[in-house]
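[1] Here's a sequence, model it:
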Amino acid sequence: MTAVKLFSDATAPLDVWTHEADAVSLPRLDEVGGHPRPPGVGVTYAEQEYHALADEQELIWPAEGERAARPFQERARSLDRVAAGTEFLLSEQEHEVRQARADYQHAAWVLTPYTRREPGAKLRYWICWPVLWFGDTAGVWSAAVTNGDVPSIAFGQSLASGLAAACTGLVGAELKYIRMAKARQRDPESLTVDEARYARLFADTDNGGSIVKLISFFSLVVVALLAVGIFNLRASIEGSASGLTFGLLAAATAIGSGLLGYSAADEVADLLAGMAKRAQNAERRYLKLAKSSAFRGKAQAEAAERSIRDEYQLRAQAAGKRVESLSWRVQRRNPQVLGHGFPAGEQGGVIGRRARRGGVA
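    Modelled structure (predicted):
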């Protein structure tokens with residue numbers, strides 16, 4: 001009697017079972033209305049057989065469940081080391097997220113009063129700066145191509161000169177940094193404990209003034225060279241008026257880049273933006289680790305393994321009960337030997353005691 005066949009019988013429609021129960025008939029024996037189980041009859045071989053079969057079902061089904069769950073168990077165990085390593089990295093990343101978020105919140109609380117950049121200024125800078133770069137590049141490129149240069153070679157040279165013109169304006173940011181640093185300058189002894197963490201933002205800036213002046217000088221030299229070069233190129237092709245116009249436009253591009261950099265520069269705001277970016281990157285890496293396929297695969301395999309074992313355990317109990325019911329069916333169909341039931345007041349052959357599988361009733 002196999003486990004699968006028994007389970008198939010156990011799941012038969014309820015009306016079939018009801019019909020079978022309605023067909024039960026207890027035959028009369030020589031005008032005896034009810035014949036109790038004889039006290040001298042112990043546990044029959046048939047009962048022992050079905051008790052053993054019931055015990056077998058309660059072992060077969062868990063074994064089948066173990067076999068069905070084995071691939072999922074192997075899958076879960078194969079992911080143990082990967083999941084443990086990812087868990088370690090996740091815990092470290094969690095610490096980094098907390099630290100980065102705490103650093104940003106502390107810096108924002110202390111330094112926000114010292115920011116001067118209006119909202120949207122940085123976006124305006126990154127939109128306008130490439131426009132200035134490529135605008136100057138287009139002017140030089142068109143003149144070079146008109147002059148007979150190879151377009152691809154002329155484009156490379158024009159791109160470099162346009163970038164040089166745009167970069168000359170970066171000194172404007174340094175000038176803004178110096179001005180704002182002087183406004184923030186404080187005596188180190190007057191700083192609070194929180195402000196002391198950012199002492200460099202409140203320090204003296206005299207040591208960097210000469211360097212900024214030198215950079216400003218070289219920036220002006222670059223502007224002059226670009227203006228003269230474009231003037232000569234355009235003048236040789238379209239005349240002095242055109243050369244002067246495009247030379248001044250090149251100088252205006254460089255100066256505009258400087259003004260743009262000056263308006264967008266804010267060292268404190270840049271520091272806060274960098275710390276916020278660090279916190280966002282830490283959170284992104286944490287979420288990426290948390291979504292690791294190792295966690296998901298291990299959890300799915302363990303859940304499938306547990307569900308299969310639970311299912312087969314319940315099937316084992318159901319199959320055992322089904323076989324046990326067949327033992328009672330044998331007794332019911334043989335009243336001439338076992339009677340129609342136990343004497344009044346008794347259950348399983350002993351008063352107050354239930355029938356024990358594998359033992360005497």
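[2] Now do the buried residues in stretch 231-251.
    Of the residues in stretch 231-251, 231, 233, 234, 235, 242, 243, 245, 246, 247, 249, 250, 251 count as buried by neighbour count, 16 or more other Cβ atoms under 10 Å. In this view, the C-beta of every residue, glycine as well, is placed from N, C-alpha and C.
[3] so the last one sits right up against residue 223, yeah?
    Yes: counting by Cβ atoms under 8 Å, a contact exists between residue 251 and residue 223, whose distance comes to 5.4 Å.
[4] So for stretch 184-195, mean pLDDT?
    Here stretch 184-195 scores 85 as its mean pLDDT.
[5] Could you export it as PDB, keeping only the C-alpha atoms?
    The C-alpha trace of stretch 184-195 is given here as PDB (Å, rounded to 0.1, in the frame of the first residue of the first chain):
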ATOM      1  CA  ARG A 184      33.800  83.900   8.000                       C
ATOM      2  CA  GLN A 185      37.200  84.500   9.600                       C
ATOM      3  CA  ARG A 186      37.100  83.900  13.400                       C
ATOM      4  CA  ASP A 187      39.500  83.600  16.200                       C
ATOM      5  CA  PRO A 188      40.100  79.900  16.900                       C
ATOM      6  CA  GLU A 189      39.400  80.500  20.600                       C
ATOM      7  CA  SER A 190      35.900  81.800  19.800                       C
ATOM      8  CA  LEU A 191      34.800  78.700  17.900                       C
ATOM      9  CA  THR A 192      32.200  76.400  19.600                       C
ATOM     10  CA  VAL A 193      32.900  72.700  19.900                       C
ATOM     11  CA  ASP A 194      30.800  72.000  16.800                       C
ATOM     12  CA  GLU A 195      32.400  74.800  14.800                       C
END
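[6] How far away from the center of its chain is that stretch?
    41 Å (Cα atoms, centre = their mean, to the nearest Å).
[7] And that stretch, what's buried?
    Buried, per 16+ other Cβ under 10 Å, within stretch 184-195: 184, 195.
[8] can you list the residues that contact it?
    106, 109, 110, 114, 196, 199, 201, 202, 203, 204, 205, 268 (Cβ atoms under 8 Å, 6 or more residues apart in numbering).
[9] and with 10 Å instead?
    Stretch 184-195 has contacts (Cβ atoms under 10 Å, 6 or more residues apart in numbering) with 106-107, 109-111, 114, 196-199, 201-206, 267-268.
[10] contacting residues for residue 331?
    Counting by Cβ under 10 Å, 6+ apart, residue 331 touches 37, 44, 46, 47, 50, 337, 338, 339, 340, 341, 361.
[11] May I ask which two of those residues are separated the most?
    With Cβ to Cβ as the measure, no two of those lie farther apart than 50 and 340, at 18.9 Å.
[12] neighbour-wise, which of the two wins?
    Each of residue 50 and residue 340 has its neighbours counted (other Cβ atoms under 10 Å); residue 50 has more, 22 against 17.
[13] Would you quantify the distance from that one to residue 292?
    From residue 50 across to residue 292, the span is 52 Å (Cβ to Cβ, to the nearest Å).
[14] In the chain, what residue spans correspond to helices?
    Remark: helices assigned in the chain by DSSP state H are 3-10, 14-22, 45-78, 80-111, 121-146, 151-167, 171-184, 193-196, 209-238, 240-264, 267-290, 293-332, 335-338.
[15] which non-adjacent residue is nearest residue 164?
    Leaving out its chain neighbours, the residue that sits closest to residue 164 by Cβ to Cβ, 6 or more residues apart in numbering is residue 222, at 5.7 Å.
[16] Then residue 134?
    Closest to residue 134 by Cβ to Cβ, 6+ apart is residue 162, at 6.5 Å.
[17] next one: residue 104
    Residue 104 sits nearest to residue 275 (Cβ to Cβ, 6+ apart), 4.3 Å away.
[18] Hmm, residue 105 and the one you found touching each other?
    Yes: counting by Cβ atoms under 10 Å, residue 275 does reach residue 105; the two are 9.2 Å apart.
[19] Neighbour count: the two, which is higher?
    Ranked by neighbour count (other Cβ under 10 Å), residue 275 and residue 105 place residue 275 first, with 19 against 13.
[20] ok so, going back, residues in contact with the residue nearest to residue 104?
    By Cβ under 10 Å, 6+ apart, the residues touching residue 275 are 100, 101, 103, 104, 105, 106, 107, 108, 111.
[21] Next, count neighbours for the fourth one.
    This points to residue 104. Number of residues near residue 104 (other Cβ under 10 Å) recorded here: 20.
[22] How about residue 284?
    For residue 284, the tally of surrounding residues (other Cβ under 10 Å) stands at 11.
[23] ok, it - contacts?
    Counted by Cβ under 10 Å, 6+ apart, residue 284 has contacts residue 97.
[24] how near is it to residue 96?
    Residue 284 sits 11 Å away from residue 96, going by Cβ to Cβ.
[25] One more: residue 104?
    Counting by Cβ to Cβ - residue 104 and residue 96 are separated by 12 Å.
[26] Please identify every residue contacting each of those two.
    278, 279, 282.
[27] Distance to residue 323 and neighbour count for these - can I get that in JSON lines?
    JSON lines is the format used below for these (distance: Cβ to Cβ, whole Å; neighbours: other Cβ atoms under 10 Å):
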{"residue": "278", "distance to residue 323": "67", "neighbour count": "16"}
{"residue": "279", "distance to residue 323": "64", "neighbour count": "20"}
{"residue": "282", "distance to residue 323": "61", "neighbour count": "20"}
